[in-house]
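J.: For reference, the sequence and a predicted model appear below.
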Amino acid sequence: RVSATTVRTLLRSARLGPAPRRAGPSWTEFLRAQAEGIIACDFFSVETAWLRTLYVLVFIELGSRRIHVSPSTAHPDSTWVTQQARNLALGLDARTSPVRFLIRDHDAKFSRSFDAVVRSEGARVIVTPIQAPNANAYAERVIETIRAECLDWTLIWGRQHLDRTLRIYGEHYNRGRPHRALGLAAPLAEASISVPVPVSTGD
């Protein structure tokens, strides 16, 4: 038998962390290999013209890059968050492959009932480490895209205006916006967007 102190001393001298497993795929390799069965989600806030803060929950399917944007709310309590999980489950009925993992962060707005709905659909909830935004990079990146392409150019007046704006942008993102990871196709497009062909003006 070896004491815990001896193990800790040996690990520190070898500059090794206390991870129980050092073999196997990295986090990035795991995400790429399991992308078809992973959904990531995160909250973001929007300030209206009347200085009211509204919250939105966005989901992204890693394989297809399709997004699901929730209606906004000023009070994201447990009941509202759980309902968004149910809405997501209904929106995934057309998927050919089941969702195996849902990635979220430690935000206190995620309730136990939210996780329970996800687990009832046969998916496992993966909670990212604290203060590690790179662990949920897909959700962070799509929120950045929504802000840069839509919200930074729009003065939001209220909840209904925000919901309508995000609904229209979500349709554009899923059906018309090209993605390099998809060969310049949109998430819900049946074929890739063709590359424009230069037209000869003649001499």
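T.: Yes, it's here. Numbering: from 1, shown residues only.
J.: from here on, contacts and neighbour counts on C-alpha atoms
T.: OK.
J.: If we ignore the residues flanking it in sequence, what's nearest residue 57?
T.: Nearest non-adjacent residue to residue 57, counting by C-alpha to C-alpha, 6 or more residues apart in numbering: residue 43, 4.5 Å away.
J.: And residue 72, by the same measure?
T.: In space, residue 72 is closest to residue 56, 4.8 Å off (C-alpha to C-alpha, 6+ apart).
J.: And the host helix or strand of that neighbour, how far out from the chain middle?
T.: In this structure, residue 56 sits in strand 53-61 according to DSSP states H and E. The chain centroid and the centroid of strand 53-61 are separated by 9 Å under C-alpha atoms, centre = their mean, to the nearest Å.
J.: For that strand, list every residue counted as buried.
T.: Using 16 or more other C-alpha atoms under 10 Å as the test for burial, strand 53-61 gives 53, 54, 55, 56, 57, 58, 59, 60, 61.
J.: Tell me which other helices or strands that strand touches.
T.: Judged by 3 or more C-alpha pairs under 8 Å, 6 or more residues apart in numbering; DSSP states H and E, the packing partners of strand 53-61 are strand 38-47, strand 67-69, helix 137-149.
J.: try 10 Å
T.: strand 38-47, strand 67-69, helix 78-91, strand 101-104, helix 137-149, helix 159-175 (3 or more C-alpha pairs under 10 Å, 6 or more residues apart in numbering; DSSP states H and E).
J.: I'd like the ones you listed laid out as CSV, including mean neighbour count.
T.: CSV is the format used below for the helices and strands packed on strand 53-61 (neighbours: other C-alpha atoms under 10 Å):
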stretch, mean neighbour count
strand 38-47, 19
strand 67-69, 20
helix 78-91, 16
strand 101-104, 21
helix 137-149, 16
helix 159-175, 17
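J.: Of those, which is nearest residue 4?
T.: Taking C-alpha to C-alpha, strand 101-104 is the member of these nearest to residue 4, at 32.6 Å.
J.: What residues sit buried inside the helix or strand that the closest one is followed by?
T.: As assigned by DSSP H and E, the chain's next helix or strand after strand 101-104 is helix 112-120. By 16+ other C-alpha under 10 Å, the buried positions in helix 112-120 come out as 114, 115, 117, 118.
J.: Helix 112-120: how far from the chain's middle?
T.: 17 Å.
J.: between it and helix 78-91, how big is the angle?
T.: 20 degrees (axes from the mean of the first three to the mean of the last three C-alpha atoms, to 10 degrees).
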